[in-house]
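Undergrad: what shape does this take:
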Amino acid sequence: MAKQNRVLHIPEHRDQKTGVLVHGYNLNASLWESVTWGSSKDQMGRIPMGIFVALSEKAEALIFGSGASEREGIKESEAGALMMRNRFDALIDFPLFKKFFPKLKNSNSALKYKNQIESILHLDRISSNTIEELENAGRFFLKQNIDRIVVISSPTHLPRCIRDACRVFEENKDLSYFRNQIYAVPSMTGFPGYAASDVTIFEPPHRPDRSPLNISSVVSRIHKIPDSARGTFIQRLEKLLADFQV
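TA: Predicted structure coming up:
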């Protein structure tokens, strides 16, 4: 019998379609405007960073989250969009835009960029937390035939966003397409009074030269303590840590 030759068919290359998710920030949180837009020209917030990435990557879709909070009947995503529309011309004041999108100085070019962003903008009005933002964004991006996702948030929030994205796209079979196409870009503004160095990460044990005891699973339970009892818990924990001289 003649041996049948197998031909490997390689699909024609095409540019990957990019979707950008800008995580929301509670409207009633301290310094919402500074965290979301920026505290100075050298401290670019979440929304300008999302716009910068969307323009740089020629994104097919841009999502502003979320619906977790509202003020005067306006959701987080809607407030972010309103801010963007009112301040779009001011993007040129940020060094990144000045360097890579100098045409924003021209009003006609700025309008074209603004229309480009508006044409791909989607507002998430229903998500109530980070996990839901990622789930809803994943479903929307899947319908838009997006190949890769870039998540944008503050340095003090982004590590958890990545963890949650890995969890969502690994556990949800319908969204597993994105599990190896998750990218992240930090804004330059974080939770007021904190920096990236204030984020504490506990990984499950994996090094053979360290204790196999899983502190991570214990620490994660702290989030289940009611707000009303956290003060008492912290007092007891401080005493315990002092006993261990740490």
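Undergrad: next SSE downstream of the lowest-mean-pLDDT helix or strand in the chain?
TA: Ranked by mean pLDDT, DSSP states H and E, the weakest helix or strand in the chain is helix 215-220, scoring a mean of 90. Downstream of helix 215-220, the next assigned helix or strand under DSSP states H and E is helix 227-243.
Undergrad: now that next one, how far from the chain's geometric center?
TA: Between the centre of helix 227-243 and the centre of its chain there are 31 Å (CA atoms, centre = their mean, to the nearest Å).
Undergrad: contacts for it?
TA: With contacts defined as CB atoms under 8 Å, 6 or more residues apart in numbering, helix 227-243 is touched by 222, 225. In short, each C-beta sits where N, CA and C put it, glycine included.
Undergrad: please redo it, this time with the cut-off set to 7 Å
TA: For helix 227-243, contacts defined as CB atoms under 7 Å, 6 or more residues apart in numbering pick out residue 225.
Undergrad: sorry, back to before: send the alpha carbons of the least confident helix or strand of the chain over as CSV?
TA: Extracted C-alpha coordinates of helix 215-220, given in CSV (Å, rounded to 0.1, in the frame of the first residue of the first chain):
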residue,chain,number,x,y,z
ILE,A,215,0.5,30.3,54.4
SER,A,216,-1.3,31.4,51.3
SER,A,217,-4.4,29.5,52.1
VAL,A,218,-4.5,30.9,55.6
VAL,A,219,-4.0,34.5,54.5
SER,A,220,-6.7,34.3,51.9
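Undergrad: quick one: list the elements packing against it.
TA: Using 3 or more CB pairs under 7 Å, 6 or more residues apart in numbering; DSSP states H and E, no helix or strand is in contact with helix 215-220.
Undergrad: right, and residue 147 touches residue 182 too?
TA: No: here residue 147 lies out of contact with residue 182, judged by CB atoms under 7 Å, at a distance of 11.4 Å.
Undergrad: neighbour count for these two, which is higher?
TA: Legend: neighbour count by other CB atoms under 10 Å for residue 147 and residue 182, higher for residue 182 (18 against 15).
Undergrad: ok, that one to residue 144 distance?
TA: Separation of residue 182 from residue 144 (CB to CB, to the nearest Å) stands at 16 Å.
Undergrad: list phi and psi for residue 73.
TA: phi 80, psi 10 (degrees, to the nearest 10).
Undergrad: count of residues packed around it?
TA: 6.
Undergrad: roughly how far does it sit from residue 27?
TA: 11 Å.
Undergrad: and residue 128, by the same measure?
TA: Using CB to CB, residue 128 is found at 13 Å from residue 27.
Undergrad: give me the more crowded residue out of those two.
TA: Legend: neighbour count by other CB under 10 Å for residue 128 and residue 27, higher for residue 27 (19 against 12).
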